[in-house]
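Enquirer: next comes the sequence, and after it the predicted model I'd like to discuss.
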Amino acid sequence: MLFDSQIFIFIFLPLTLLIYYILGSVLHSKVFKNYIILFTSIIFYAWGGLKYLPLLGISILLNYMFGLFIDKFKNNEKLRKITLLIGIIINLILLFYYKYYDFVIGNSNRIFHTNFQYREIMLPIGISFFTFQGMSYIIDIYKNDAKVNKNIFFVALYISFFPQLIAGPIVKYKDIDNQIRNRIESIEKFSYGIERFVIGLSKKVIIADTLGGVTDVIFSLSSNAVDQPTAWLGAILYTFQIYFDFSGYSDMAIGLGYLFGFKFMENFNYPYISKSITEFWRRWHISLSTWFKEYLYIPLGGNRKGNTYLNLFIVFLITGLWHGASWNFIIWGVWHGIFIIVEKIINKKNWYIKIPSFIKTIVTMLIVILGWVLFRADGLIDGINYLSIMFGINKATKVTYEFSYFLNKKLVFWFTISFIFSTPVVMNTFKLYENNKIVQGLKTILIEVLLILSIIFIVNSTYNPFIYFQF
């Protein structure tokens, strides 16, 4: 079930909210409210992946039990550490089997000329996200950053809460533990939740889907049917598409959380204004980058043990692998890791410090755009071929659609809208006049217009896949 689908907007969400608030108010029970959203979260997941519902249940049960064991052994550090290690390994085994097994088998057959059989395993929806949340649960208990929850249904709610279950943001247990046990809903939270949901919905269905239609056509053309300007156009459009697609989903997830009294961490902070790749990753997919920082980079030693560059390389290698079982994702992660390491080396050099900020932003965006080509391609070879066209190394033998075919007034309009709203200009303007009733009134009208336009786009559009659902 997609957040931008008619069944979610007009049936699932309204019914869930009605049951949550009406029955919850009648019974005056926070616990019962948790059961309501747990039940609806299970329905939400089962709607798109019923056969993988047992896998989600196994993940919940395993992490719940390991949490209890870690808490039970709190006076025996050796047993606690062994239990945590086993728990992490089992989580990773499940993730490996469903996401990476065929990838490893395929590479083994090619490199070592073996003949292992593929299992052709379908990727369960959201497995990368709920696996990481399960590991966060047992790690936070081990580190004493949160208390063990002896109610398995509350652990299940944390791992399976539908707003962030299948595409994030990744919520760390220590950040949500107290909210599960005791949270306060309010009209202010509810109204803000609606606002964030509508903003995210409009990002997705109005901007991302419009750009996505053109992007898919360009990337679907064979390598000898795209000219150089069109290749650059496709790369730039995809850069905007993935931002509005994923940040739009995150906005919707955060907004939905507020509707039920939960506050999730922000997942995007205008990454395309970054002046370095390091800054880009502080602004892009914040929940994932902080997860890796806290649960991988720091345990590896971070900056403390003289292996900073190696630790960064490992983190970004795994970041790429997390996104998909394909070499183009791995190289995409390494691509970013290399530039972050380079920045660590040069960031205190006088010549680097003196470079104007706008030049740093342009260079950063060039690196990001080239990386997105690898990310978007249907494999490493396709990505390299596409990049070679962008830089004139390969040239089209027969162009199917020329650059002028795509570059029309409509596309220029949407490109301009994308550029403006990928910067904080509009939101900063509203914040500057947050005490001005007229400006805030205009903001309310804008939100209402965006909702109406989004519904119109949803009804008339057939293009609605979320990019991050594949991870």
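Expert: Structure received. This is a predicted model, so every value here is computed, not measured. Residues are numbered from 1 along each chain as shown.
Enquirer: quick one: the helices in the stretch 151-300 of the chain, in order.
Expert: 152-160, 173-181, 187-202, 209-220, 228-259, 277-283, 286-292, 298-300 (DSSP state H, counting those that start in this stretch).
Enquirer: hmm, who's touching the first one?
Expert: Right, the one you point to is helix 152-160. Outside helix 152-160, the residues that touch it by Cβ atoms under 8 Å, 6 or more residues apart in numbering are 34-35, 37-38, 41-42, 45, 56, 59-61, 63-64, 67, 130, 133-134, 137, 149, 165, 171, 173, 176-177, 180-181. Placement of C-beta: from N, CA and C, glycine included.
Enquirer: change it to 6 Å
Expert: Outside helix 152-160, the residues within contact range by Cβ atoms under 6 Å, 6 or more residues apart in numbering are 34, 38, 41, 60, 64, 130, 133, 134, 149, 176, 180.
Enquirer: find the nearest non-adjacent residue to the fourth one, please.
Expert: If I follow you right, that is residue 60. residue 156 (4.7 Å; Cβ to Cβ, 6 or more residues apart in numbering).
Enquirer: what is the neighbour count of the one you found?
Expert: 23 (other Cβ atoms under 10 Å).
Enquirer: just to revisit the earlier point, nearest to residue 322, out of the helices of the stretch 151-300 of the chain?
Expert: Ranking those by proximity to residue 322 (Cβ to Cβ) places helix 286-292 first, at 7.5 Å.
Enquirer: mean confidence for the closest one?
Expert: Per-residue pLDDT over helix 286-292 has a mean of 96.
Enquirer: follow-up on the earlier one: return the most buried member of the helices of the stretch 151-300 of the chain.
Expert: helix 228-259 (a mean of 23; mean count of other Cβ atoms under 10 Å).
Enquirer: and it, what does it pack against?
Expert: Helices and strands touching helix 228-259, by 3 or more Cβ pairs under 6 Å, 6 or more residues apart in numbering; DSSP states H and E, are helix 187-202, helix 209-220, helix 357-376, helix 380-390, helix 403-406.
Enquirer: to residue 268, which of those lies closest?
Expert: That would be helix 187-202 among the helices and strands packed on helix 228-259, by Cβ to Cβ, at 10.2 Å.
Enquirer: quick revisit: take the contacts of helix 152-160 and keep only those in strands.
Expert: Among the contacts of helix 152-160, the subset assigned to strands under DSSP state E is empty.
Enquirer: now those as CSV including pLDDT?
Expert: Listed next are the contacts of helix 152-160 as CSV, based on pLDDT from 0 to 100:
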residue, pLDDT
34, 93
38, 96
41, 96
60, 97
64, 98
130, 95
133, 96
134, 96
149, 93
176, 92
180, 92
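Enquirer: just to revisit the earlier point, make JSON lines from the helices of the stretch 151-300 of the chain and add distance to residue 369 to it.
Expert: What follows is the helices of the stretch 151-300 of the chain, written out as JSON lines (distance: least, Cβ to Cβ, whole Å):
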{"stretch": "helix 152-160", "distance to residue 369": "35"}
{"stretch": "helix 173-181", "distance to residue 369": "32"}
{"stretch": "helix 187-202", "distance to residue 369": "23"}
{"stretch": "helix 209-220", "distance to residue 369": "13"}
{"stretch": "helix 228-259", "distance to residue 369": "5"}
{"stretch": "helix 277-283", "distance to residue 369": "12"}
{"stretch": "helix 286-292", "distance to residue 369": "19"}
{"stretch": "helix 298-300", "distance to residue 369": "30"}
